[in-house]
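Asks: Using only what follows, build the 3D model:
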Amino acid sequence: MLKIGIVGFGFMGRMHTRCWKARTDARVVAICDINAGATQGCGKGLGNIAGAEGDVDLRDVAIHTDPEEMFAREKLDAVSITVPTHLHAAWTIKALNAGVHVLCEKPMALTLADGRQMIATAEDSGKILQIGHCIRFWPEYAKAKEIIESGVYGRVITATFQRLSATARTKQGSWFSNEEQSGGMVFDLHIHDTDFVQYLFGTPLSVCSHGALTPAGSIAHIVTHYRFNDDKLVTAEGGWALAPAYGFEMKFLIVMEKAVLSFENKRTPTLKLFPAEGEPIVPELEQGDGYSRQIGHFVRAICGVPVPSVITPQHALQSLRIAEAERESARNGTHVNLT
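Replies: Below you'll find the model as predicted:
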C-alpha cells in the first residue's frame, strides 16, 4: 500500500485527494497546507470537508502546515504537489530530495530554468517526476491520438482546439489572479491545448499568437497558429474572461483526409467521428477522467511497471517553452521561432 501525501489543499489538492482515495493500492496519509484554515474542521476525527466534487473524508489523515516536516515524519512513497504555480519548483525539488516520488500539477514551473532544475533533481534523486498534464489522459483526447496515429483516416489536414471559461471567482489579492504567481491564462488554462498540440504533432517550427489584454495588461484571450514542416493547419484558442453564465467549454475539431473527429464537452455523446463514407461513429472511450487516469499512470511508474511515455518531464518543459513563445508572440505581435 503506497503512502501518499498532498501538498496544497485548494481546488486541485481536493481533486487529487479524492482520486487517490478512490484507489485500493494507495492511501492518503498526510495533507499539508500552510494555511491551517484550508483543512480546518477536517483533521483527525473531525469529519468531512466540501471538495471540488463533494466531501473529502480526512478523519484518517495527518494534517500539517510545514511540508518539510511532513516529508520527515510521514515516510511517504509519493506526493501530489498542488500548491500555487510559483511554488511548484521549490516544493517539487524539496520532495525529490527527501526521497519522495512527485506528481506535480501543471504547468511544471513558471520559468524554463526552474523546470530544468526540477528535471535535474529528479534524475539525481532517482525518483519519478510526473507533471499533471491531464488532457493527455482525458479519454476523448487519448482516443483522438489513437485514431490519428492509426492512419486509418489518413493524415491530418486541420486541427482546431478551444478552451473557454467564465472569469474565475477568486478572492481579491489571490495568487491565481496574479500573473507573476500563476502564469496567467496562457500558462494555467491555454497550456492544456498547447501541450496536446505538442503531444499530437511534436514541437512546432514557430508560433504566431494574438491576444486580448485586460486593463491591467495580462492576456485574457489568445489565439495561436502553430506552424509545422508540412501544410497542416493547427490552431488553438483559449480564454477565461467570459460571462459567468457561459461556464466552461473545451472542444476540438480535427479534419483528416477520410474523416472528421469532433469533441465538445457539453454535448452527448462528447466525441463523434464522421467518416467520409457511412454513418457517424461514437468511439468507445476508456473509463475515468484525466485526473484519475494520470494518477494510475503515475502509480504504475513508481511501482516499476513499464509504462508508455505519455508524459515525461521533458515533454512538460517543452510545453512550457511553447507557451512562453505564445505569450511573447501575443505581446509583441511577431512570429516566434522554436527551432
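
Asks: where does the stretch 51-200 of the chain have low pLDDT?
Replies: 51-54, 168-173 (pLDDT under 70).

Asks: how about the helices in it?
Replies: 67-74, 88-97, 112-125, 139-150, 179-182, 184-185, 191-201 (DSSP state H, counting those that start in this stretch).

Asks: Can you say which of those is nearest to residue 222?
Replies: helix 184-185 (7.0 Å; C-beta to C-beta). Where C-beta positions appear, they are placed from N, C-alpha and C, glycine not excepted.

Asks: Which residues does that closest one contact?
Replies: 218-222, 238-241, 327 (C-beta atoms under 8 Å, 6 or more residues apart in numbering).

Asks: Over to stretch 207-225?
Replies: With C-beta under 8 Å, 6+ apart as the criterion, stretch 207-225 contacts 179, 184-186, 190, 194, 226-227, 233-241, 322, 325-327, 329-331, 333-336, 338.

Asks: Dig out what residue 62 forms beta bridges with.
Replies: Judged by DSSP bridges, the bridge partners of residue 62 are residue 30.

Asks: residues near it, how many?
Replies: The burial count assigned to residue 62 is 16, neighbours taken as other C-beta atoms under 10 Å.

Asks: Would you enumerate the residues in contact with it?
Replies: So residue 62 contacts 29-31, 44, 70, 73-74 (C-beta under 8 Å, 6+ apart).

Asks: now swap in residue 152 and tell me
Replies: Taking C-beta under 8 Å, 6+ apart as the test, what residue 152 contacts is residue 258.

Asks: Apply 7 Å and report the result again.
Replies: With contact set as C-beta atoms under 7 Å, 6 or more residues apart in numbering, residue 152 has no partners.

Asks: So it versus residue 141, what's the distance?
Replies: 18 Å (C-beta to C-beta, to the nearest Å).

Asks: Next: residue 158.
Replies: Residue 158 is 17 Å from residue 141, by C-beta to C-beta.

Asks: who has more neighbours, those two?
Replies: residue 141 (23 against 14).

Asks: which residue packs closest to the more buried one, ignoring adjacent ones?
Replies: residue 135 (5.2 Å; C-beta to C-beta, 6 or more residues apart in numbering).

Asks: Pull out the buried positions in stretch 7-27.
Replies: 7-10, 12-21, 23, 26 (16 or more other C-beta atoms under 10 Å).

Asks: Quickly name whichever of those residues is closest to residue 262.
Replies: residue 15 (27.0 Å).

Asks: what about the helix or strand harbouring that closest one, average pLDDT?
Replies: Here residue 15 sits within helix 11-21, counting by DSSP states H and E. Taken as a whole, helix 11-21 has an average pLDDT of 93.

Asks: What about residue 109, how many residues nearby?
Replies: Neighbour tally, residue 109, other C-beta under 10 Å: 26.

Asks: So it sits against residue 91, correct?
Replies: No: Residue 109 is beyond contact range of residue 91, at 11.0 Å (criterion: C-beta atoms under 7 Å).

Asks: Which residue ranges of the stretch 201-339 of the chain form helices?
Replies: 290-302, 313-332.

Asks: For residue 59, find the nearest of those.
Replies: Per C-beta to C-beta, nearest to residue 59 of the helices of the stretch 201-339 of the chain: helix 290-302, 21.6 Å.

Asks: Now that closest one: average pLDDT?
Replies: Rounded mean pLDDT across helix 290-302 is 97.

Asks: gap between it and the chain center?
Replies: 13 Å (C-alpha atoms, centre = their mean, to the nearest Å).

Asks: which helices and strands does that helix pack with?
Replies: Here helix 290-302 touches helix 11-21, strand 101-105, strand 129-132, going by 3 or more C-beta pairs under 7 Å, 6 or more residues apart in numbering; DSSP states H and E.

Asks: got CSV for the ones you listed, with distance to residue 300 too?
Replies: Below are those laid out as CSV (distance: least, C-beta to C-beta, whole Å):
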stretch, distance to residue 300
helix 11-21, 14
strand 101-105, 12
strand 129-132, 11
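
Asks: from what I can see the residue nearest to residue 141 touches residue 198, true?
Replies: No: Residue 135 is beyond contact range of residue 198, at 11.0 Å (criterion: C-beta under 7 Å).

Asks: got any residues that touch both of those two?
Replies: By C-beta under 7 Å, 6+ apart, no residue touches both residue 135 and residue 198.

Asks: Now for residue 100, how many residues are close by?
Replies: Neighbour tally, residue 100, other C-beta under 10 Å: 26.

Asks: ok now do it, which residues does it touch?
Replies: When contacts are taken as C-beta under 7 Å, 6+ apart, residue 100 is in contact with 71, 76, 78-79, 127.

Asks: Looking at residue 2 now. What's its pLDDT?
Replies: The score at residue 2 is 98. That number is its pLDDT.

Asks: Nearest residue to residue 22 in space, please, no chain neighbours.
Replies: Looking at residue 22 with C-beta to C-beta, 6+ apart, the closest residue is residue 292, at 6.7 Å.
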